[in-house]
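In: predicted model follows, preceded by the sequence.
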Amino acid sequence: MDVSRASNPLFGPNRFKLGVFSANCDGGLTMSLAPERWPCRWDDIAAMSQLADAAGMEFILPVAKWRGYQGKANVYGRSFETLTHGAALAALTKRIAIFCTVHVALVTPAFTAKAMATIDHVSHGRAGLNIVCGWNQNEFDLHGVTIDPETRYDQGLEWFEVWSRLLQGGPEFDWDGKYYHFKKLQTDPLSIQRPWPAVMSAGFSPKGREFAARAADVLFLNVTELDQVPAILADVDAQMAIHKRKISVFTMGHVVCRPTRKDAEDYFHYFAEEMEDPGGQAYYLENRGATVNDGGRQIVRPMRNRFHRATGLNYAGAYPGVYPFVGTPDDIAAEMARMSASGLAGCTVAFVDYLKEIPYFIQEVLPRLERLGIRGPNV
Ligand SMILES: Cc1cc2nc3c(=O)[nH]c(=O)nc-3n(C[C@H](O)[C@H](O)[C@H](O)COP(=O)(O)O)c2cc1C
């Protein structure tokens, strides 16, 4: 690890890292009509983030969204912009890493370098950037920008080269690339983290993973069943070997933690099955696509989890591809320990009502993870 990133808990000692995901958007990480779904109010986001910070969780990760998923719930219809959200949370928290999510086609590398340096200074070295290359033309229409599915990650790499070079400092430079032409590039202040703040990406397609192999410190991949992990990690390792780099692989989870397993499973059934939002699900599938092209071969995106497999029901109110942690504190801690043992280095958590539910997770699950040896004490 580069010591100049020691201020960022993403590179801290806990074997299994935890972050809160998607709380800057309404509905959080659901596609549910449940009336108590996350309404995305600033004061709630700030209070919840401060709880995660005090509990020693590693990061807050927001989603960059420009349009809702339609349907009756229109989840994601309301969302806070992530750089400004990050700057505010940086000032309101003490230890947790604050990620921002930027679409490369919408924000220039120089703008993002300055914004990220600002957040890195405000947070004293806790900023992180989730670089996304975009997938939903519907959202990009709002900016008048067209996504080219074939070249988006090549453009992303060029963007990353400029952004990371800017933050390394040095004399002014011009850039005359395939996608970008810039003159007299420089930025000041540089980030506190050296050579630049932590970088995440979440490409699932072959080009997306290649992007992560070259640019990211953490790669997010959808894992819906733990038996998928060995093949995923073997694939990532092979790519990393080509680039002689190391990367951590994380996934994203949704937590329903209750004193009894029945209560947890009943609640999951309620918000994800009974209250599913078929319109939102249809919008997602139409724009996202259920498969991805890998050199002519169609790979199915992992979407079906153990609940689908056990019951044959859709549970479509849970976000597609999310890993469900549903059960008692013991169940959830044991599941996270299995996930850690499978080789994943961390995951995100989301809740139907983040502010109401995270205290129980912090109080009951985190100490169990410590006892199971995958996280240290909250010091
Ligand atoms: C944890 C996580 C966070 C993501 N955040 C965003 C985001 O904020 N905005 C966005 O447009 N896409 C986001 N994505 C989508 C990814 O950037 C990517 O498009 C997706 O995982 C599919 O991979 P592909 O682009 O290689 O097909 C996210 C995905 C994951 C797993």
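Out: Arrived safely, thanks for sending. Numbering: from 1, shown residues only.

In: residues from the stretch 101-250 of the chain in reach of the ligand?
Out: 101, 130, 132, 134-135, 202-205, 208, 220, 222 (CB under 6 Å from any ligand atom). Bear in mind the C-beta positions are built from the backbone N, C-alpha and C, glycine included.

In: my read is that residue 159 contacts residue 178, right?
Out: No - under the criterion of CB atoms under 8 Å, residue 159 is not in contact with residue 178, lying 11.2 Å apart.

In: the residues of the stretch 101-250 of the chain next to the ligand, buried ones only, as a PyMOL selection?
Out: Remark: buried members of those, expressed as a PyMOL selection using 16 or more other CB atoms under 10 Å:
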select buried, resi 101+130+132+134+135+202+203+204+205+208+220+222
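
In: now do the same for the residue of the stretch 151-300 of the chain found nearest the ligand: helix, strand or coil?
Out: Here the residue of the stretch 151-300 of the chain nearest the ligand is residue 208; by CB to the nearest ligand atom that distance is 2.6 Å. The three-state label given to residue 208 by DSSP: H, G, I helix; E, B strand; the rest coil is helix.

In: for it, which non-adjacent residue is spatially closest?
Out: residue 153 (5.8 Å; CB to CB, 6 or more residues apart in numbering).

In: ok, the one you found touching residue 203?
Out: Yes - using CB under 8 Å, residue 153 is in contact with residue 203, at 6.4 Å.

In: name the residues contacting each of those two.
Out: Shared contacts of residue 153 and residue 203, defined by CB atoms under 8 Å, 6 or more residues apart in numbering, are found at 133, 210-211.

In: save those residues as CSV, and put in pLDDT and distance to residue 264 too.
Out: Below are the shared contacts of residue 153 and residue 203 laid out as CSV (pLDDT from 0 to 100; distance: CB to CB, whole Å):
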residue, pLDDT, distance to residue 264
133, 95, 36
210, 92, 38
211, 95, 36
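
In: mark which of those residues are buried, thanks.
Out: 133, 210-211.

In: any idea which helix or strand carries residue 182?
Out: strand 181-185 (DSSP states H and E).

In: go on, residue 256?
Out: Assessed by DSSP H and E, residue 256 sits inside strand 248-257.

In: low-confidence stretches in the stretch 251-379 of the chain?
Out: Residue ranges of the stretch 251-379 of the chain with pLDDT under 70: 289-302.

In: which residues in it form helices?
Out: Along the stretch 251-379 of the chain, counting by DSSP state H, counting those that start in this stretch, helices occupy 261-269, 278-288, 306-311, 329-341, 354-360, 366-371.

In: which non-adjacent residue is nearest residue 45?
Out: residue 23 (5.4 Å).

In: confidence score at the one you found?
Out: Note for residue 23: predicted pLDDT of 98.

In: does it touch residue 39 like I think?
Out: No - counting by CB under 8 Å, residue 23 sits too far from residue 39 to count as a contact (10.9 Å).

In: just the helices in the stretch 1-150 of the chain please.
Out: In the stretch 1-150 of the chain, the helices defined using DSSP H, counting those that start in this stretch lie at 42-54, 82-92, 109-122, 137-140.

In: ok, now which ones touch residue 308?
Out: Residue 308 neighbours (CB under 8 Å, 6+ apart): 314-315.

In: roughly how far does it sit from residue 266?
Out: Residue 308 is 17 Å from residue 266, where distance means CB to CB, to the nearest Å.

In: and for residue 281?
Out: Distance from residue 281 to residue 266, by CB to CB: 21 Å.

In: what's the helix or strand for the residue nearest to residue 208?
Out: Per DSSP H and E: helix 152-168 holds residue 153.

In: surely residue 28 and residue 36 touch.
Out: No - the pair residue 28 / residue 36 is not scored as a contact, 11.0 Å apart, by CB under 8 Å.

In: circling back: more neighbours, residue 159 and residue 178?
Out: residue 159 (24 against 9; other CB atoms under 10 Å).

In: that older thread, any chance of a markdown table for the helices of the stretch 251-379 of the chain, columns distance to the ligand?
Out: A markdown table is the format used below for the helices of the stretch 251-379 of the chain (distance: least, CB to the nearest ligand atom, whole Å):
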| stretch | distance to the ligand |
| --- | --- |
| helix 261-269 | 20 |
| helix 278-288 | 8 |
| helix 306-311 | 19 |
| helix 329-341 | 15 |
| helix 354-360 | 16 |
| helix 366-371 | 20 |
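
In: return the residues in contact with the residue most central in space within the chain.
Out: Among the residues of the chain, the one closest to the centroid is residue 61, at 5.3 Å (CA atoms, centre = their mean). Shown in contact with residue 61 (CB under 8 Å, 6+ apart): 19-22, 99, 101, 130, 200, 348.

In: who's it bridged to?
Out: When assigned by DSSP bridges, residue 61 has beta-bridge partners residue 21.

In: which ones among the residues of the stretch 101-250 of the chain next to the ligand map onto strands?
Out: 101, 130, 132, 220 (DSSP state E).

In: does residue 33 touch residue 276 like I think?
Out: Yes - at 7.3 Å, residue 33 and residue 276 qualify as touching, with contact defined as CB under 8 Å.

In: looking at the two, which is more packed in?
Out: Neighbour totals were compared for residue 33 and residue 276, and residue 276 leads with 23 against 20 (other CB under 10 Å).

In: any figure for the gap between that one and residue 94?
Out: 38 Å.

In: count of neighbours near residue 281?
Out: Neighbour count for residue 281, taken as other CB under 10 Å: 18.

In: if we can go back for a sec, using a markdown table, lay out the helices of the stretch 251-379 of the chain together with distance to residue 227.
Out: Shown next, in a markdown table, are the helices of the stretch 251-379 of the chain (distance: least, CB to CB, whole Å):
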| stretch | distance to residue 227 |
| --- | --- |
| helix 261-269 | 21 |
| helix 278-288 | 24 |
| helix 306-311 | 10 |
| helix 329-341 | 11 |
| helix 354-360 | 28 |
| helix 366-371 | 22 |
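
In: of all those, which lies closest to residue 226?
Out: Across these, residue 226 has its closest neighbour in helix 329-341 (5.9 Å, CB to CB).
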